[in-house]
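S.K.: With the input below, show me the fold.
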Amino acid sequence: MGETVFSLSQKGWGKLHEASIAQSLLDIVIETASENKAKFVKSVKIDIGRLAAIENDALMFAFDALKEGTIAENARLYINDVPIVGRCNVCSFDSEYESFDFCCKNCGSYDVILISGEELNIKEIEVEDE
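M.R.: Below you'll find the predicted structure:
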């Protein structure tokens with residue numbers, strides 16, 4: 001007998017990291033909506049930092065697949081992409097970064113702390129309560 005191997009990526013589940021995040025997100029949304037006696041979840045708005053290592057398309061795919069059969073089955077997921085911003089400890093200048101080169105764009109110092117770009121936050125859950 002031959003061995004059969006199924007690839008999750010062939011079924012769109014190549015990003016299990018995003019699937020587990022989508023499941024956790026959905027669990028929180030459903031629990032919060034239920035605690036507030038909502039009948040349906042209409043939308044969920046989240047912030048994802050560019051350094052959070054999450055692929056937005058994969059997260060949306062997983063969220064859409066996992067929400068079926070729940071009070072969130074018709075919910076839309078809105079993702080706000082949060083830029084990488086660092087503050088220089090030398091001159092207090094805030095800079096936005098596209099790469100991992102965290103050099104102050106004002107004074108050139110590498111003594112920079114990140115103030116955004118790593119977050120994953122639920123900002124809003126819109127529900128129907130009637």
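
S.K.: neighbours around residue 51, how many?
M.R.: For residue 51, the neighbour count with other Cβ atoms under 10 Å is 16. Heads up, the C-betas are built off the backbone N, CA and C, glycines and all.

S.K.: any chance you could map the strands in the protein?
M.R.: Applying DSSP state E to the chain gives strands spanning 40-49, 76-82, 84-88, 94-97, 112-116, 120-128.

S.K.: Show me the one of the ones you listed that comes nearest residue 30.
M.R.: Closest approach to residue 30 among these is made by strand 40-49 (7.3 Å; Cβ to Cβ).

S.K.: can you tell me how far residue 70 sits from residue 35?
M.R.: 15 Å (Cβ to Cβ, to the nearest Å).

S.K.: Who has more neighbours out of these two?
M.R.: Comparing residue 70 with residue 35 by other Cβ under 10 Å, the one with more neighbours is residue 70, at 16 against 8.

S.K.: wait, the more buried one sits on residue 26?
M.R.: Yes - under the criterion of Cβ atoms under 8 Å, residue 70 makes contact with residue 26 at 7.0 Å.

S.K.: so which of the strands of the chain gets nearest residue 105?
M.R.: Evaluated over these, closeness to residue 105 peaks at strand 94-97, with 4.3 Å, by Cβ to Cβ.

S.K.: partners of the spatially most central residue of the chain in the sheet?
M.R.: A centroid search over the chain (Cα atoms, centre = their mean) returns residue 48, at 4.3 Å, as the residue closest to the centre. For residue 48, the beta-bridge partners are residue 81, residue 120 (DSSP bridges).
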